[in-house]
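Chemist: all I have is the shape, not the residue letters:
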DNA sequence: AACGTTATTGATAACGTTATCGAATCGTGA
DNA sequence: TCACGATTCGATAACGTTATCAATAACGTT
């Protein structure tokens, strides 16, 4: 296997030891800064390490020591949502002395991926993990774990999320305030708590405004463009389409706009669309998407800080809920009279 | 260490073996689908694996087998540029059967990080790597490596980049076309090839237009907001400021706009600003930033495909250069008369 | 000079997995 | 009944590192 690679076969601790004329045990002590090495050998070994460019194998090290100084952030897939969290976590990790490893399986995304990934990496490789939008939250893993935007809400694992309910109310009120009365809703992934809360917020705001919810205008978008396409068509391609659609996340909102254009409708003149998340892509859409901001980078940073505190054994609040807010761009307007 | 965690201590292969009444060797065979295990034991072991939720430790496995089915993407830091590449690589990895691991050190970002990270992960843990904006490109690593936007251009390692020179010409011509004659340039990181090319493109376009380059209007922004702040002030806080600034990447362009506003100047009325990269953040800036698009996600996807082909020993073109294009938003206007 | 202390060092056994290879079992044909 | 190949299985040795602990050297004390 790999027959062609130019093989300088990795300099290992043994090489350093031989060159410096000491044992591997001593090299290990130098590398880990442990007590009990003479000043002279210390500098000599250090020189050899620099010269040979030695770096300890993460795999081997962690297999033995079970302390790696590496934190994992586990995602089903690197889409906009999780990469925003990743940026936030990355910014926060700098101060901590840990390193950050982001892991994603081959996009399979089947239920239970988080337990598989966790099992695969914990115990070896990572000292703790952040899991993003997990569907199964189990407590008994070998290492501390923080969940972001999980399935089951604040039970079980320490959790960071945002106020999905209030945000959904905000979005719906914005549409109602513009004069819309016939409003469609394109929901998220059924198994996620956030999707449930956003729908609940939508229904609550409608009820408060005295508007009936037409159940034929409620679809399931699944948070992804591919999965949102069909239900978006169902919603729009009918005799009495809604004048506005609240999509449960930005990606499906963007897809709703694409479908609308394809059906000859113009946004926002013929149809208002509002999203949720405020991922950077939402500003790139045309027209730029009005949406609800979740402070994703902040959430990532907070999750990382929480994780580090847990590892250090610090006692602290184990559930964080960050506020959402309305971001007005150009995809919503009053309905045609 | 980690005294408080609820320890269900990781189910290992030995546990599966004991429960199923076989040896660890047999379990290993089942896990890896190797020939030589009876149908009955096969199903029995599989059941136990499911039941116990066993997943092989990545660290241990790769230590021994040197084939992990995991690809690494190594970045100094998860900032917008590298996360866009990450999205592209992630989208492309789905089809390949590999998994993707993104790794970043603690933001230290010193020169030579790429060799350190690579040494740490290769040989164990990953079968190949994409390194993003490396400063040192060395060929002799244990595993195939693809560089994206590297220091030294197309020498040494297989490389994916975009046409930085042509893009810079485009940007400069856009400003000139609007009527600007006094144009400032805020360069990138001196050690990166892309920065050199962008400056060269700028100078070329100026020369073609017959415009002299005022060297006091050329600064070094370093590609980051923090490092761009001071030189941006030098550029703008003077008696004869430029009417337009071409910043060598979006982040420093955004910082230029921030500084301008702080100095009481309005963009684009008093100052036009153009960036480079078209990271999603550029559309979120106010005003939305006119910039040069690099197809970052495509570049990530291409880099990943190239890497996989290299691992599989396929012969193919080892250098890819993708086109850049102008994206007009709202940060540029004709100069005040 | 004999001793105890303290500083250095290196063998050696793990860690959880896979690769190799010999042993045990089972059929089958002569 | 015996021999022999095919099938199935499990001991055992790696992989590169760290933790433990015994061995040695160096030194000061009485």
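Modeler: Perfect, thanks for sending it. Keep in mind that what you see is a predicted model, and the values were worked out from it rather than measured. Numbers count the residues shown, from 1 in each chain, chains lettered A, B, ... in the order given.
Chemist: CA only for contacts and neighbour counts going forward, please
Modeler: Fine.
Chemist: does the residue nearest the centre of chain A sit in a helix or strand, and which one?
Modeler: Chain A has residue A:82 as the residue nearest its centroid, 2.8 Å off, counting by Cα atoms, centre = their mean. Assessed by DSSP states H and E, residue A:82 sits inside helix A:80-93.
Chemist: and that helix, what does it pack onto?
Modeler: strand A:99-104, helix A:296-311, helix B:80-93 (3 or more Cα pairs under 8 Å, 6 or more residues apart in numbering or on different chains; DSSP states H and E).
Chemist: next, the buried residues of the very next helix or strand once past the second one.
Modeler: The reference is to helix A:296-311. On the C-terminal side of helix A:296-311, the nearest following helix or strand under DSSP H and E is strand A:319-322. For strand A:319-322, burial by neighbour count (16 or more other Cα atoms under 10 Å in any protein chain shown) applies to A:319-320.
Chemist: note down every partner strand of strand A:319-322 and its orientation.
Modeler: strand A:159-162 (parallel) (DSSP bridges).
Chemist: please convert the helices and strands packed on helix A:80-93 to a markdown table, extending it with mean pLDDT and distance to DNA strand D.
Modeler: Shown next, in a markdown table, are the helices and strands packed on helix A:80-93 (pLDDT from 0 to 100; distance: least, Cα to the nearest atom of the strand, whole Å):
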| stretch | mean pLDDT | distance to DNA strand D |
| --- | --- | --- |
| strand A:99-104 | 94 | 15 |
| helix A:296-311 | 96 | 17 |
| helix B:80-93 | 94 | 27 |
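Chemist: out of these, nearest to residue B:53?
Modeler: Residue B:53 lies closest, by Cα to Cα, to one member of the helices and strands packed on helix A:80-93: strand A:99-104, at 18.6 Å.
Chemist: now do stretch A:49-69: distance to the chain's middle.
Modeler: 28 Å (Cα atoms, centre = their mean, to the nearest Å).
Chemist: list the contacts of that stretch.
Modeler: Applying Cα atoms under 8 Å, 6 or more residues apart in numbering or on different chains, the external contacts of stretch A:49-69 come out as A:11-13, A:16, A:97-99, A:123-127, B:58-60, B:62-63, B:116, B:119-122, B:124-125.
Chemist: just stretch A:15-27 next, same as before
Modeler: A:13-14, A:37, A:44-45, A:48-49, A:52, A:54.
Chemist: what about that stretch, start to end distance?
Modeler: End-to-end distance of stretch A:15-27 (Cα to Cα, to the nearest Å): 10 Å.
Chemist: report the buried residues of that stretch.
Modeler: Quick answer for stretch A:15-27 (16+ other Cα under 10 Å): A:15-17, A:20, A:24, A:26-27.
Chemist: tell me which two of those sit farthest apart.
Modeler: Largest pairwise distance in the buried residues of stretch A:15-27, by Cα to Cα, is 12.6 Å, between A:15 and A:26.
Chemist: hmm, back to that, the residue nearest to the centre of chain A contacts residue A:75, doesn't it?
Modeler: Yes. Using Cα atoms under 8 Å, residue A:82 is in contact with residue A:75, at 6.9 Å.
Chemist: now do the shared contacts for the two.
Modeler: What both residue A:82 and residue A:75 touch, as defined by Cα under 8 Å, 6+ apart, is the set residue A:132.
Chemist: out of the buried residues of stretch A:15-27, the closest to DNA strand C would be?
Modeler: Closest approach to DNA strand C among the buried residues of stretch A:15-27 (Cα to the nearest atom of the strand): residue A:26, at 5.0 Å.
Chemist: and the closest residue to chain B within the stretch 201-337 of chain A, what are its phi and psi?
Modeler: Nearest to chain B in the stretch 201-337 of chain A, going by Cα to the nearest Cα, is residue A:280, at a distance of 5.1 Å. Residue A:280 adopts backbone torsions of phi -50, psi -30, taken as degrees, to the nearest 10.
Chemist: swap in residue A:226?
Modeler: phi -60, psi -40.
Chemist: and residue A:142, by the same measure?
Modeler: The phi/psi pair for residue A:142 (degrees, to the nearest 10) is phi -70, psi -20.
Chemist: close to DNA strand C: what parts of chain A are there?
Modeler: A:21-26, A:36-42, A:60, A:63-64 (Cα under 7 Å from any atom of the strand).
Chemist: what is the mean pLDDT for the host helix or strand of residue A:49?
Modeler: Per DSSP H and E: residue A:49 is located in helix A:39-52. What helix A:39-52 shows for mean pLDDT is 95.
Chemist: so which bits of that helix are buried?
Modeler: So for helix A:39-52, counting by 16+ other Cα under 10 Å, buried means A:41-42, A:45-46, A:48-49.
Chemist: and that helix, how far out from the chain middle?
Modeler: Using Cα atoms, centre = their mean, the offset of helix A:39-52 from its chain centre is 42 Å.
Chemist: is it positioned near DNA strand D?
Modeler: No. If you take Cα under 7 Å from any atom of the strand as the test, helix A:39-52 misses DNA strand D, and the best it gets is 11.0 Å.
Chemist: and the next helix or strand past that helix?
Modeler: helix A:58-65.
Chemist: residues of that next one that come out buried?
Modeler: Counting neighbours by 16+ other Cα under 10 Å, helix A:58-65 gives A:58-63 as buried.
Chemist: need these in a markdown table with pLDDT, can you?
Modeler: Converted to a markdown table, the buried residues of helix A:58-65 look like this (pLDDT from 0 to 100):
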| residue | pLDDT |
| --- | --- |
| A:58 | 92 |
| A:59 | 91 |
| A:60 | 93 |
| A:61 | 92 |
| A:62 | 90 |
| A:63 | 91 |
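Chemist: near DNA strand D, from those residues?
Modeler: A:60-63.
Chemist: for the closest residue to residue A:282 other than its chain neighbours, which residues are in contact?
Modeler: In space, residue A:282 comes closest to residue A:289 once its chain neighbours are excluded; the distance is 5.3 Å by Cα to Cα, 6 or more residues apart in numbering or on different chains. For residue A:289, the contacting residues are A:250, A:254, A:273-275, A:282-283, A:328-331, by Cα under 8 Å, 6+ apart.
Chemist: which two among those are spaced furthest apart?
Modeler: A:254 and A:328 (15.1 Å).
Chemist: and these two? which has more neighbours close in?
Modeler: residue A:254 (27 against 16; other Cα atoms under 10 Å in any protein chain shown).
Chemist: so that one is in which element?
Modeler: helix A:250-262.
Chemist: same check on residue A:245?
Modeler: Assigned by DSSP H and E, residue A:245 belongs to strand A:244-247.
Chemist: circling back to that earlier point, of the buried residues of helix A:58-65, closest to residue B:70?
Modeler: Of all the buried residues of helix A:58-65, residue B:70 sits closest to residue A:59, with 12.9 Å by Cα to Cα.
Chemist: any idea how far that closest one is from residue B:234?
Modeler: 48 Å.
Chemist: just residue A:309 next, same as before
Modeler: Counting by Cα to Cα, the separation of residue A:309 from residue B:234 is 41 Å.
Chemist: equivalent analysis for residue A:248, please.
Modeler: For residue A:248, the distance to residue B:234 - Cα to Cα - is 45 Å.
Chemist: all set now, cheers.
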